[in-house]
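Chemist: Need a 3D model of the following:
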Amino acid sequence: QVQLVESGGGLVQAGGSLRLSCAASGRTFSRSTMGWFRQAPGKEREFVTVVSWSGGRTRYVDSVKGRFTISNDNANNTVYLQMNSLKPEDTAVYYCALKAETWLVPPLQPAAYDYWGQGTQVTVSS
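Modeler: Residues are numbered from 1 along each chain as shown. You can find the predicted model right below:
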């Protein structure tokens, strides 16, 4: 079993920055994939970004390209999401997710992931 715990959410003004963390514990997978999703009230869960466990491959949704950066610290089983130039439309609950294998095609759908964190709220005020 894998446990994922997110932290780092909060309230920030537009243009500000936050860094989310996702710590994984329990069983680990050497070829896993880590993703971040978000869900705003009344909307479906949306793909944000994904990284291979080696860190060599990433993919971002167009709306965050150039503003968000995903990275991982394998020694500490932690994935980070650095969010800069935040906008009110980035307001959502952010979830990290783990897929217990690598990918040939970027896994953009929630159903592709095996484990989920509890989520952390990000609120961007205008």
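Chemist: now that we're looking at the residue lying closest to Thr102 once chain neighbours are set aside, how far away is Asn74 from it?
Modeler: In space, and not counting its chain neighbours, Thr102 is closest to Arg31: 4.4 Å by CB to CB, 6 or more residues apart in numbering. Using the backbone N, CA and C atoms, a C-beta is placed for each residue, glycine as well. In this view, Arg31 and Asn74 are 12 Å apart by CB to CB, to the nearest Å.
Chemist: And for Trp116?
Modeler: Taking CB to CB, one finds Trp116 at 20 Å from Asn74.
Chemist: ok, what's across the strand from the residue nearest the centre of the chain?
Modeler: For the chain, the residue sitting closest to the mean C-alpha position, by CA atoms, centre = their mean, is Trp36 at 2.1 Å. Listed beta-bridge partners, Trp36: Thr49, Cys96 (assigned using DSSP bridges).
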